[in-house]
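[1] just to be clear, the model below is a prediction. Sequence and coordinates:
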Amino acid sequence: MTTTVHVKNIAAATGDTEVKDFFSFCGKITDIKVTTEGETKSAEVTFEKETAMKTALLLNNTQLGPNHITVASATGDVEDDGSHFARQGNNNDEITQEMKPRSRILAEYLAHGYVVGDAALQRAIELDQKHGISSKFLNKIQEMDKKYQATDRARTTDQTYGISQRAGNFFGGLSSYFEKASNTPTGKKIAQFYIEGSRQVQDIHTEARRLADLKTEEHGSAYKAAGLDKVFGKEAEKEKPAEEKPADSAAPAAATSTDAKSG
């Protein structure tokens, strides 16, 4: 089956790199062709795996730049029988975008500041439930956790280098799943997000906020590489003075400092 999607109504002002970055959340792209059609652009995006192409179809009518784009498969086939999930398994320790639950991928879009409609979020939940993707993904993480004692590594990293920055490199971006330790209340909530039989769309928005907050805590190269410094950097700067605000006697000085920064 083809792994190409056709994208239309891309704003002329939207750069080709931005188009590629947008669809890279779905999975590895092997080829992309962007052409100008009058006042808009169109694109053909070819993925390495069918799973990524199916995920990209969820982005139909999603906003990219100023425009809402349309996304369709090359054959017009939008049915998802789940067979591609059975073929995508691997025996190594790499967690790829294609292996992630679609609800998690859309949460990443939201965390990066993109606007995804609730209909797409609901469809992602339905597909994850139908094919048991969330539970399979969690099982993979738990398998890696046992093999490498990831929670212990995350604890050590938290004490010495800042929350799971090294673990993030080791696990290829999986650090958000080992927040401090999987046996903490927060860790249990993360697991619950992926194994509950029914979830509401709001859960994905909550997960997106958690991902963004985690990246804000991490700072460093992982934070910047993810592009969150552009989306959430200013917000983090505004929140920091408030957290470090001194006693009442020093409050005017803190206020002056904050005003100077905002100016």
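    Received, thanks. Given the structure is predicted, the values throughout are model-derived calculations rather than measurements. Numbering: from 1, shown residues only.

[2] flag the shaky bits of the chain, pLDDT-wise.
    The chain contains residues with pLDDT under 70 at 1, 77-95, 134-135, 138, 140-142, 144-202, 204, 215-263.

[3] how's it carved up into domains?
    The chain breaks down by automatic domain parsing into domains covering 1-74, 91-238.

[4] all strands of the stretch 1-150 of the chain, in order?
    Assignment of strands within the stretch 1-150 of the chain using DSSP state E, counting those that start in this stretch yields the ranges 4-11, 29-37, 40-47, 63-64, 67-68, 70-73.

[5] reformat those strands as CSV; add distance to Arg209.
    C-beta here means a position set from N, CA and C on the backbone, and glycine is covered the same way. Compiled in CSV, the strands of the stretch 1-150 of the chain are given as follows (distance: least, C-beta to C-beta, whole Å):
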stretch, distance to Arg209
strand 4-11, 27
strand 29-37, 27
strand 40-47, 28
strand 63-64, 19
strand 67-68, 23
strand 70-73, 25
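
[6] of all those strands, which one is nearest Thr55?
    Proximity to Thr55, assessed across the strands of the stretch 1-150 of the chain by C-beta to C-beta, is greatest for strand 40-47 (8.7 Å).

[7] that closest one pairs with which strands, parallel or anti?
    Paired with strand 40-47 in the same sheet, following DSSP bridges, are strand 4-11 (antiparallel), strand 29-37 (antiparallel).

[8] Asp213: which of these is closest?
    Proximity to Asp213 (C-beta to C-beta) singles out strand 29-37 among the strands paired with strand 40-47, at 28.3 Å.

[9] for the closest one, buried residues please.
    Using 16 or more other C-beta atoms under 10 Å as the test for burial, strand 29-37 gives 29, 32, 34.

[10] contact partners for the first one?
    Right, the one you point to is Ile29. Residues in contact with Ile29, defined by C-beta atoms under 8 Å, 6 or more residues apart in numbering, are 20, 23, 45-48, 52.

[11] give the bridge partners for it, please.
    Beta-bridge partners recorded for Ile29 (DSSP bridges): Phe47.

[12] wait, Arg104 touches Arg210, no?
    No. Arg104 lies out of contact with Arg210 (C-beta atoms under 8 Å); the separation is 11.1 Å.

[13] who's more crowded, these two?
    Using other C-beta atoms under 10 Å as the criterion, Arg104 and Arg210 rank with Arg104 on top: 23 against 18.

[14] closest one to Ala119 among the strands paired with strand 40-47?
    Shortest separation from Ala119 across the strands paired with strand 40-47 is recorded for strand 4-11, at 17.6 Å, computed as C-beta to C-beta.
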